[in-house]
Structures are given as structure tokens and as C-alpha cells.
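Student: coords please:
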Amino acid sequence: MNHFLDIHKTDPAALRTILDDALAMKSARKGLPRATLDAEKPLDGHMVALIFEKPSTRTRVSFDVGVRQMGGETMVLSGSDMQLGHGETIADTARVLSRYVDLIMIRTFDESVLLEMAEYADVPVINGLTDRTHPCQIMADVMTYEEHRGPIKGKKVVWCGDGNNVCASFLHAAAQFQFDLTFAGPAQLDPEDEFVGLARRAGCTIQIERDADKAVAGADLVVADTWVSMHDSQSTKERRHNQLRPYQVNQELMSKANDNALFMHCLPAHREEEVTSEVMDGPNSVIFDEAENRLHAQKAIMRYCLGR
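Tutor: Reported below is the predicted structural model:
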């Protein structure tokens, strides 16, 4: 049984197999009707619990569709349905769910909920997102880069904005896939020292640069994310906008990167805030390929977890 909790907790060889599998499944479906299931049906007869303490569009749809394409069925549970840790313990919930389903994907706030679920579940658990990391997204991002530009090893990735959970998983991926990463953002929003240190110990060049123009010079991939969360207060939103305005990804900034540099954003985006429409809709943007690849990468992750 394999959990998929974080990129740095998964063997690099397994990560590479997951990406190869994702690309193979995507290629095999080209030209097929959208309703056609994967011929192999590796999840036939399997039930997958999709737990959403935190709202979602892409994660919910991509996991649900992925399970169905592979012949399985889903049970979608919201935070109000579960009340995790309020009443019944997370450990007991994990034990009970393990009697009903074959796989659990959880999108939650506190990382401790994910870790306790995995500790006590008798079925594989997948991290659909926590406040600390977002590994499924970055597996799709690495897949997307390599589809367009070949191996990501040795390339320069630049993160512009907040050192948030998506940035954290990029640092994990840098360590496992051996690419370099430059963080461009204000000191108040730096990524966690633990994750920066992990990537540096793996031999990656990890830089912290306050000047966005300098950071993007020579970049092969530029990545942005939303500056605010739906849960942020109005005062927090205003403060973050003031802090992050110098790190907006616009065409002038992209011109400082390599000519063939790609732009990514995990979406949803706030156009004209963290990134301009000119960049999002421009020739270097692969944001919609990136969104599609959540489906393929997560299908491969589920197969990995179930030993398929």
C-alpha cells in the first residue's frame, strides 16, 4: 500500500514512473470520445472517497473524472458531512472509512489531519491539498513542462509571489527532480526554511531574490499563484496586494526570462493582479494544459497507490 502525501516523501524513481504512466494514459486517450473509459479499467470495482474540508473545483472534477475513466466509483464528502476531529476522532474516521472504500483523497486545511488519516487508514491516502503543501498540482506542473520542453532536470524555475503551499511542493519537486528554483517575493512571505533547506541539501540551487527582474533572468519556467485566499479578511487582502504588487507577472517581466520560457499558474487566477491577461493568454502560457494534466497525473497517482 502506497500513500501519496508529499513529493519529498515519495521515491524519485516512483515519481518518474507516475509521470511516465500519466503521459502514457494521456496519449492513449487521444482521439477517443470523452465518455470512453480507459480500456484497462484499473479501478473497476473500487470505491474512492473524496473528502473536501476545503472547497475545490479542479481537484474535485479531475479526481472524480479520473476515477470514472478508470472504471471506479466516487463518494464525495464535504467538511460539513465529515466534521473531522469534531466528535469522532480522525483516527476512528480513518478506520471506519477503510472498511468501506479502497482509496481516500483528502483536501483539508491542517496538515495534521492528513497525516493522522494516513496513519490510521488501512487504505491508501492521497494529499489533495493542505495549507502546507499541494503535491498533486506540482506533479501535473512537472508533467506539463516536460511535455513542452523535455526533461526539467537542471532547468531554472522562478516562483513569483507568496511562498505558499504550492511553492512548498515546488521546492520538494526541485529536490526530487533536480531542478533549480528562485523565489521572488517579499521577506514576510518567504517559503519555509525547512523546505528551502531540503532542496539545497539535495544539491539544488535555491535562491531568494527580492528583485523580480533579477530573479526571472534566464528562467525556463515562471510560476505565479493567487495573492489572496477566499478566507482572507479584507485587511489581509489589502496588505498582501501592497506587498506583492512588485511581483506581478506581466509581459515586461516575462521578457527578462529565456525566449522559450513557459508560464504556469495553478488557477483560479485573478487576472490583472498576480498575472496579466496578456501573459495568461500569450504564446508562453500553458495554464490550460497544466489544468488538464491534473487529471492525468492524478490518475497515475491513484494507480501507484493501488499498485496498479
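
Student: Could you list the low-pLDDT ranges of the chain?
Tutor: 31, 33-39, 85, 230-231 (pLDDT under 70).

Student: redo that, cut-off 50
Tutor: Applying pLDDT under 50 to the chain flags the ranges 35, 37.

Student: can you tell me which helix in it is longest?
Tutor: helix 287-305 (DSSP state H).

Student: which residues in the stretch 101-250 of the chain form helices?
Tutor: Using DSSP state H, counting those that start in this stretch, the helices found in the stretch 101-250 of the chain span residues 111-120, 135-149, 165-177, 193-201, 212-216, 234-244.

Student: How about the contacts made by the most centrally placed residue in the chain?
Tutor: Note on the chain: the residue nearest the mean C-alpha position is Gln137, at 1.7 Å, using CA atoms, centre = their mean. Residues counted as contacts of Gln137 (CB atoms under 8 Å, 6 or more residues apart in numbering) are Leu129, Val166, Ser169, Cys266, Arg294. For every residue, glycine as well, the C-beta is placed using N, CA and C.

Student: Nearest to Arg29, out of the residues you listed: which one, please.
Tutor: Arg294 (14.6 Å; CB to CB).

Student: Look at that closest one and say how many residues are nearby.
Tutor: By the criterion of other CB atoms under 10 Å, Arg294 has 25 neighbours.

Student: How much space separates it from Ile287?
Tutor: In this view, Arg294 and Ile287 are 12 Å apart by CB to CB, to the nearest Å.

Student: quick one on the thing from earlier: export the helices of the stretch 101-250 of the chain as a markdown table, with columns for distance to Asn258.
Tutor: Listed next are the helices of the stretch 101-250 of the chain as a markdown table, based on distance: least, CB to CB, whole Å:
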| stretch | distance to Asn258 |
| --- | --- |
| helix 111-120 | 35 |
| helix 135-149 | 10 |
| helix 165-177 | 18 |
| helix 193-201 | 21 |
| helix 212-216 | 9 |
| helix 234-244 | 24 |
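
Student: so Glu53 makes contact with Asp81?
Tutor: No: applying CB atoms under 8 Å as the test, Glu53 and Asp81 come out as separate, 9.8 Å apart.

Student: Looking at those two, which is more packed in?
Tutor: Legend: neighbour count by other CB under 10 Å for Glu53 and Asp81, higher for Glu53 (24 against 12).

Student: And for Arg201, the neighbour number?
Tutor: Around Arg201 there are 10 residues (other CB under 10 Å).

Student: Spatially nearest residue to it, not counting backbone neighbours?
Tutor: For Arg201, ignoring the flanking residues on the chain, the nearest one in space by CB to CB, 6 or more residues apart in numbering is Ala175 at 7.7 Å.

Student: Just list the residues touching that neighbour, thanks.
Tutor: By CB under 8 Å, 6+ apart, Ala175 lies in contact with His8, Leu198, Ala199, Arg201, Ala202, Cys204.

Student: now with 10 Å?
Tutor: Residues in contact with Ala175 (CB atoms under 10 Å, 6 or more residues apart in numbering) are 7-8, 12, 181, 195, 197-204, 206.

Student: could you pull out the strands for this protein?
Tutor: Listed in chain order, the strands of the chain (DSSP state E) span 47-52, 73-78, 103-107, 125-129, 156-160, 180-184, 206-209, 221-224, 262-265.
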